[in-house]
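1. Generate coordinates for the sequence data below:
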Amino acid sequence: MTRDAELLKPGLRKLGATVRKAVRLSEGGLINAAPLREDRSLPLVVRPAVNGVNLLEWAAGSRDFIEGRLLEHGGLLFRGFSLKGADEFERFIEAVSDEVLEYRERSSPRLHVGGKIYTSTEYPADQSIFVHNENSYQSVFPVKIFFHCATAPAEGGETPIADCRRVLARLSPSVRDRFAEKGWMYVRNFGHGFGLPWQTVFQTTDKAEVEAYCRARGIEVEWKEGDRLRTRAVRPAITRHPRTGEPAWFNHATFFHVSTLEPLIRDALLAEFRTEDLPTNTYYGDGSPIEPSVLEELRQLYREETVSFAWEQGDVMMLDNMLTAHGRRPYAGPRKVLVGMSEPFDRAAAVAA
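-> A predicted model of the protein is given here:
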């Protein structure tokens with residue numbers, strides 16, 4: 001058993017015994033905060049307690065309060081404020097966190113809105129996006145992710161969220177230990193006409209730049225015939241939070257596995273490609289297959305821990321990306337949700353330290 005697997009056990013015992021209590025807080029008498037649901041800590045909804053509260057000014061002076069509540073609850077929903085547009089949204093991110101990030105090593109199509117703000121994943125409106133932690137497959141990933149509802153959909157379009165600490169605490173010990181020991185492997189194939197091309201993902205047309213980028217981040221590169229590319233990356237399934245030290249179930253092992261796709265898409269891909277040539281797929285870190293029963297257990301735990309709410313115009317949701325997964329529900333009518341990310345965490349630097 002690895003050192004991380006050994007260290008994991010006391011943290012899980014502590015987590016399993018924790019019961020989060022509903023809270024009602026007031027910071028300077030300007031806001032009220034309480035969980036969205038009585039039976040769940042996630043998300044904490046922050047509302048103005050009086051008229052005219054400027055969210056940007058209040059947030060800039062309340063970073064300690066926001067950071068503490070975020071680590072406790074995993075996600076905050078700021079509702080009832082008058083924040084508008086991409087520029088104010090980015091200024092809010094700058095007010096409550098450090099270093100807003102560009103979207104690199106892409107896995108989904110997004111539109112660049114301005115500054116370092118993007119649209120949420122441009123995916124067909126009639127399809128769901130399974131919950132996941134943003135960029136958990138990267139060696140450097142954002143600790144925080146933000147969403148701003150610029151246009152609320154007429155129907156559906158929620159951004160469901162799930163507490164990954166609860167998923168980890170409920171996961172079968174044998175499965176948890178297997179992932180703690182082996183990690184998980186993410187395999188991508190580019191150039192088959194499905195998914196993003198490697199030129200978009202790596203933001204370059206220079207193969208040497210791709211190789212240098214991947215080499216620096218622990219990604220194996222294999223060029224195939226016809227300018228096609230296969231990459232493999234092995235990452236830990238459980239990562240310690242840089243601020244609290246608690247173990248976090250932080251990976252895309254479920255999300256990118258072919259069995260998690262909607263049946264029509266999954267069956268079409270399996271009819272077109274050999275397993276090793278699928279646009280994306282996941283394995284244990286040693287390359288062995290993840291058992292169907294394990295994947296179904298994980299999907300079920302995510303579903304049971306998912307909380308959802310209807311977007312309201314002007315809403316801002318701030319998530320700790322390591323503690324809380326997010327997804328998307330199908331929708332009807334126009335929908336515009338903006339996304340920003342901040343605070344890069346470098347796995348390699350953390351291990352070296």
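
2. buried residues in stretch 77-95?
-> By neighbour count on 16 or more other C-beta atoms under 10 Å, the buried set for stretch 77-95 is 77-81, 83, 86, 88-95. In this view, the C-beta of every residue, glycine as well, is placed from N, C-alpha and C.

3. Tell me the one of those residues nearest residue 260?
-> Taking C-beta to C-beta as the measure, residue 260 lies nearest residue 77 of those, at 26.3 Å.

4. is it true that that closest one lies in a strand?
-> Yes - assessed with DSSP: H, G, I helix; E, B strand; the rest coil, residue 77 lies in a strand.

5. pretty sure it is in contact with residue 317, am I right?
-> Yes - taking contacts as C-beta atoms under 8 Å, residue 77 lies within contact range of residue 317: 5.1 Å.

6. Need the overlap of contacts for these two.
-> Common neighbours of residue 77 and residue 317 (criterion: C-beta atoms under 8 Å, 6 or more residues apart in numbering): residue 43.

7. Do a quick rundown of the strands in the stretch 101-250 of the chain.
-> Residue ranges of the strands in the stretch 101-250 of the chain, as given by DSSP state E, counting those that start in this stretch, are 112-114, 117-119, 129-132, 140-151, 155-156, 161-163, 184-190, 219-224, 228-235, 238-240, 247-249.

8. Please name whichever of these is nearest to residue 59.
-> Checking these against residue 59 by C-beta to C-beta gives strand 140-151 as the closest, at 11.5 Å.

9. could you say what helices and strands the closest one packs with?
-> Using 3 or more C-beta pairs under 8 Å, 6 or more residues apart in numbering; DSSP states H and E, the elements in contact with strand 140-151 are helix 85-96, strand 316-320, strand 336-346.

10. Now render those as CSV, adding distance to residue 225 and mean pLDDT.
-> Listed next are the helices and strands packed on strand 140-151 as CSV, based on distance: least, C-beta to C-beta, whole Å; pLDDT from 0 to 100:
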stretch, distance to residue 225, mean pLDDT
helix 85-96, 42, 94
strand 316-320, 41, 98
strand 336-346, 34, 93
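
11. got those as a markdown table, with distance to residue 183 columns?
-> Listed next are the helices and strands packed on strand 140-151 as a markdown table, based on distance: least, C-beta to C-beta, whole Å:
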| stretch | distance to residue 183 |
| --- | --- |
| helix 85-96 | 31 |
| strand 316-320 | 22 |
| strand 336-346 | 17 |
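
12. among the ones you listed, which is nearest residue 176?
-> Across the helices and strands packed on strand 140-151, residue 176 has its closest neighbour in strand 316-320 (20.6 Å, C-beta to C-beta).

13. Centre of the chain to that closest one, how far?
-> 11 Å (C-alpha atoms, centre = their mean, to the nearest Å).

14. Okay, now the unreliable bits of the chain?
-> Confidence mapping of the chain against pLDDT under 70 gives the ranges 1-28, 103-110, 121, 349-353.

15. Tell me how many other residues surround the closest residue to residue 146 other than its chain neighbours.
-> Of all residues beyond its chain neighbours, the one nearest residue 146 is residue 340 (4.6 Å), with distances taken as C-beta to C-beta, 6 or more residues apart in numbering. Close neighbours of residue 340, defined as other C-beta atoms under 10 Å, add up to 27.

16. With residue 62 instead?
-> When neighbours are counted by other C-beta under 10 Å, residue 62 comes out with 19.

17. now swap in residue 333 and tell me
-> Using other C-beta under 10 Å, residue 333 has 12 neighbouring residues.

18. Assess the claim that it and residue 155 are in contact.
-> Yes - with contacts counted by C-beta under 8 Å, residue 333 reaches residue 155, the gap being 6.4 Å.

19. Which phi and psi values does the residue nearest to the spatial centre of the chain adopt?
-> By C-alpha atoms, centre = their mean, the chain has its centre lying nearest to residue 133, at 2.1 Å. The phi and psi values for residue 133, taken as degrees, to the nearest 10, are phi -100, psi 130.

20. And it, how close does it get to residue 73?
-> 16 Å (C-beta to C-beta, to the nearest Å).

21. Assign a three-state SS to residue 68, would you?
-> When classified by three-state DSSP, residue 68 comes out as helix.

22. count of neighbours near it?
-> So residue 68, with other C-beta under 10 Å, has 12 neighbours.

23. show me what contacts it?
-> Neighbours of residue 68 in contact, by C-beta under 8 Å, 6+ apart: none.

24. Contact partners for the closest residue to residue 314 other than its chain neighbours?
-> Of all residues not flanking residue 314 in the chain, residue 83 sits nearest, at 5.9 Å (C-beta to C-beta, 6+ apart). Residues in contact with residue 83 (C-beta under 8 Å, 6+ apart) are 55, 56, 89, 92, 148, 314, 316.

25. again, but for residue 256
-> Applying C-beta under 8 Å, 6+ apart to residue 256 gives the contacts 137, 186, 280, 281, 282.

26. what's the most distant pair in those residues?
-> 137 and 281 (12.1 Å).

27. And these two? Which one has more around it.
-> Neighbours per residue (other C-beta under 10 Å) separate residue 137 from residue 281, with residue 137 holding more: 25 against 21.

28. Give me the neighbour count for residue 267.
-> Applying other C-beta under 10 Å, we find 11 residues neighbouring residue 267.

29. gap between it and residue 273?
-> In this view, residue 267 and residue 273 are 12 Å apart by C-beta to C-beta.

30. Residue 193 is in contact with residue 226, correct?
-> No - between residue 226 and residue 193 there is no contact under C-beta under 8 Å: 11.0 Å.

31. can you list residues touching both of these two?
-> Shared contacts of residue 226 and residue 193, defined by C-beta under 8 Å, 6+ apart, are absent.
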